[in-house]
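Novice: Mind looking at a prediction? Sequence and model below.
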Amino acid sequence: MKNHFPANELKCPCCGELVFAPSFKFKLNKARALVGVPFIITSGYRCLEYNRSKKIGSSDTSSHPKGFAIDISVTSSSMRYKILHALIITGFSRIGIGNNFIHVDDDPGKPIGVVWVY
């Protein structure tokens, strides 16, 4: 399967570190191939320091520093639908929906079958 996500799109902007669970990246590539539109990653892997920074201000329970989460930019409702549909078909069951992004994670330490809004 084609890798749709070069390392420079997924690495931490703070330190350049890159950690992703192979199973997560496989499912992500599968969803991207299914939807047929680029996924613009607005936030991929985050080291703990960057995740806790004032710029991000994320919680210590975030799945980004574990290599199980990304945020995908969306610019229209039809694009949001296409991406959500592909993520669900591919087997993702932890999805957060914001005004201009979709958070998807596959964190095995968290409940499945949840969708939330920001």
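Specialist: Everything's here; your move. Quantities reported herein were computed from a predicted structural model and do not represent experimental measurements.

Novice: Pull up the per-residue confidence for residue 80.
Specialist: Per-residue pLDDT puts residue 80 at 96.

Novice: Equivalent analysis for the one 3 residues further on, please.
Specialist: As summarised for this prediction, residue 83 has a pLDDT of 97.

Novice: Ok, the one 3 residues further on next?
Specialist: Residue 86 is assigned 97 on the pLDDT scale.

Novice: now residue 36
Specialist: For residue 36, the model assigns a pLDDT of 88.

Novice: element containing the residue nearest to it when sequence neighbours are not counted?
Specialist: Distances taken as Cβ to Cβ, 6 or more residues apart in numbering put residue 82 closest to residue 36, at 7.9 Å, once the chain neighbours are dropped. All C-beta atoms are positioned from the backbone trio N, CA, C, and that covers glycine. Using DSSP states H and E, residue 82 sits within helix 77-90.

Novice: In a helix, residue 116, correct?
Specialist: No: secondary structure of residue 116 (DSSP: H, G, I helix; E, B strand; the rest coil): strand, not part of a helix.

Novice: number of nearby residues for it?
Specialist: Residues lying near residue 116 (other Cβ atoms under 10 Å) number 10.

Novice: go on, residue 82?
Specialist: If you count neighbours by other Cβ under 10 Å, residue 82 ends up with 16.

Novice: Pick out the residue nearest the middle of the chain.
Specialist: Computing the C-alpha centroid of the chain and ranking residues by Cα atoms, centre = their mean puts residue 70 first, at 1.8 Å.

Novice: What sits closest to that residue if chain neighbours are left out?
Specialist: Nearest residue to residue 70, sequence neighbours excluded (Cβ to Cβ, 6+ apart): residue 44, at 5.1 Å.

Novice: sorry, back to before: am I right that the residue nearest to the centre of the chain is in contact with residue 10?
Specialist: Yes: between residue 70 and residue 10 a contact is recorded at 7.1 Å, counting by Cβ atoms under 8 Å.

Novice: I am finished for the moment; much appreciated.
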